[in-house]
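Engineer: Starting from these lines, generate the structure:
(one chain, ligands or ions: 1)
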Amino acid sequence: MCGSVCAECGEKAELKCSACKLVAYCGKEHQKKHWKVHKSLCRPFEVTQEPEVGKCLVATRDLKPGDLILTESPIVFGPRPHMVEEGPVPCPGCCRLIIGESSARCEGCDFPICHPDCAGLKDMEKHGHECMILGLRDVRAINGLHEFYRQDTLLALRCLLLQNRHPKKFAQLMEMESHMELREERTELYKDVDERVVGYLLDNFIAPLKILEGKSGKQVLEDTSRETLHKICGIIDVNALEINQDAEVSALYPTTYLLEHSCVPNTTHIFENAPGGYKITVKAALPIHSGEHITTMYTHCLWGTQARREHLRETKYFSCKCQRCRDPTELGSYLSALKCLGTDGEPCGGVQLPVDPIDDNTEWACDKCPIKLTSPEVCFLVNGIGEEVDNVQLANPTVRELESLLNKMLTFLHPNHYHVYAVKHSLIQLYGYQQGYLPSQITDDCLVRKTTMCRELLEITRKVDPGNARLPLYLGVILHELYLANWVLIKRKWDLGIKTKVKSVLAMLQESQRCLEQAKEALKNETNTPAGEKLINLVDTSTKEFNKFVERNKIDLSAKEKVKNGDEEVRHQNGD
Ligand SMILES: C[S@@+](CC[C@H](N)C(=O)[O-])C[C@H]1O[C@@H](n2cnc3c(N)ncnc32)[C@H](O)[C@@H]1O
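Structural biologist: Numbering: from 1, shown residues only. Okay, here's the model as predicted:
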């Protein structure tokens, strides 16, 4: 890959750029001279191969949070390949969700679309090319549209069609890992993919294409084998990134796909809906030293170790052994911990943790008493509670219902457990909003409970996502809700004449200011998602309101009582 001639003068070169190792120079002087041009192209990593991980990216220089790692356009993108049995489907032109039964149809292929004027329908990088193939099926459907027009197969078709318009991109794609050795013919997955995607595309669209090719004597697609289509499906499953902006899109990127997984990722990424598709920009989220692996996260940050590892094994075919997975406390977050129930219904006050979290059959042991649990026992308990949480959450619960669920869960689960986290995160968004708990109705006790929950959630969130790589929206919500709860409490005290001379009021004001500043910082990369945009606006409005109050009342927030550890202080003053 490295050129042997100097990038500046074209003479013989011995020296390589030490950061990207992609360009060479005849000497230091020309390297310095060429930096003006090279700096925007010089990538701070090299691609290496490791026995366990395969190809991966390793930093070639020290990076600090916020430093750019790479930015690129996708090789291919399209409607998310997730099978949905009913409900909305993505428009093949723009991938925005539509209700198939009541929407317009594409004049070329009859697939349900958002609108006949959707720009993506004619765009050859979007629906334009595939439409010609989809239009070869000469039957149309009125009922059962979900089965007949399978939007979830279109990304695989777009990948296959690359060989016609972009053979280099097709070759690049087919180089990616598909784990076909684990998706063999006898597996259930193979059968599902064969029925849902491969057989559907071959029977309905590739077969008529072959007839047409036979008649015209002109080959449009060289490789349309079942094997290639299965490999494409494997490649999509293993490498595609989901883009959750305004549409249901998945995309494959030429370099980003090489980022390996870690449950404490050191990068964050954003997508921009640019002309060439969804441009991705990857930045360092944590300090990365030269020689360190550059990582992202393939699974859910707010799941416990057992759930994350199972998900990674099933969908990405490897067993994660990262720092967080190996630590029974998950970096001190206790996200999977259980309460020990002791013997004869007498809780001992201890915490149950997995002895060896990366052993799927690990025992769980109490840190206070000799009680041990087996892995199946823990799974049964945690999955049962998880199902109950899902059912309650889906039914639009009241504050009372969630509080009662929370109390029940706390008999078995550590207060930081991820199921408890989910319920508390919902509760902080109901206190202050639900009838009976509106700002004019909610009791001081309830507000103090909300602030306590927010601080607990903040601590866990920061431990499991130290670089704010995966949970900016969660963090933004918690910080803003902590501000709002404080705000109501402050105003109530203010109206009673309890002002900044009282240390707790000043501490609450200082904490509120910090919350708003930190929420703004946490959300700085979230401008491209509807949820992010909405939250940023709320934080802006709150900041204006807060600053006005501070100005009007001539409050000195840097007053010397400023508490070093404000969270602790406020907790103390609130009598928690
Ligand atoms: C998106 S690909 C990454 C590129 C891949 N390493 C390659 O050689 O093409 C995902 C695959 O990389 C491997 N991988 C990624 N992160 C890993 C990790 N932390 N431990 C083990 N294997 C990992 C797994 O085989 C996984 O299915």
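Engineer: For residue 498, see how far away residue 490 is.
Structural biologist: Residue 490 sits at a distance of 9 Å from residue 498 (criterion: CB to CB, to the nearest Å). (C-beta placed from N, C-alpha, C; glycine too.)
Engineer: Oh, that last question was meant for residue 247, not what I typed.
Structural biologist: The gap separating residue 247 from residue 498 is 50 Å, by CB to CB.
Engineer: Which one's more surrounded, these two?
Structural biologist: Using other CB atoms under 10 Å, the more surrounded residue of residue 247 and residue 498 is residue 247, with 19 against 13.
Engineer: I'd like the distance between that one and residue 551.
Structural biologist: Residue 247 sits 42 Å away from residue 551, going by CB to CB.
Engineer: Mutual contacts of residue 490 and residue 498, please.
Structural biologist: Common neighbours of residue 490 and residue 498 (criterion: CB atoms under 8 Å, 6 or more residues apart in numbering): residue 505.
Engineer: residues near residue 194, how many?
Structural biologist: Neighbour count for residue 194, taken as other CB under 10 Å: 17.
Engineer: That one against residue 227, yeah?
Structural biologist: No - between residue 194 and residue 227 there is no contact under CB atoms under 8 Å: 11.0 Å.
Engineer: Can you get me a residue count around residue 237?
Structural biologist: 18.
Engineer: any idea how far it is from residue 179?
Structural biologist: For residue 237, the distance to residue 179 equals 8 Å [CB to CB].
Engineer: now swap in residue 311 and tell me
Structural biologist: 15 Å.
Engineer: beta partners for the nearest residue to residue 103 once chain neighbours are set aside?
Structural biologist: Nearest in space to residue 103, with sequence neighbours left out and distances taken as CB to CB, 6 or more residues apart in numbering, is residue 112 at 4.6 Å. Applying DSSP bridges to residue 112 yields these beta-bridge partners: residue 105.
Engineer: Looks like residue 415 contacts residue 457 (just checking).
Structural biologist: No - look at residue 415 against residue 457 with CB under 8 Å: they stay out of range, at 10.5 Å.
Engineer: more neighbours, those two?
Structural biologist: residue 457 (24 against 16).
Engineer: doesn't the more buried one fall inside a helix?
Structural biologist: Yes - looking at residue 457 with DSSP: H, G, I helix; E, B strand; the rest coil, it is inside a helix.
Engineer: ok now do it, which residues does it touch?
Structural biologist: For residue 457, the contacting residues are 421, 424, 425, 428, 474, 478, by CB under 8 Å, 6+ apart.
Engineer: Tell me, how many residues neighbour the closest residue to the ligand within the stretch 351-500 of the chain?
Structural biologist: Nearest residue of the stretch 351-500 of the chain to the ligand (CB to the nearest ligand atom) works out as residue 358 at 11.4 Å. For residue 358, the neighbour count with other CB under 10 Å is 15.
Engineer: just checking, it is part of a strand?
Structural biologist: No - assigned with three-state DSSP, residue 358 falls outside any strand and is coil.
Engineer: Where does pLDDT dip in the stretch 151-300 of the chain?
Structural biologist: Judged against pLDDT under 70, the stretch 151-300 of the chain has no low-scoring part.
Engineer: got it, and the chain?
Structural biologist: The model of the chain has pLDDT under 70 over residues 1-3, 83, 560-576.
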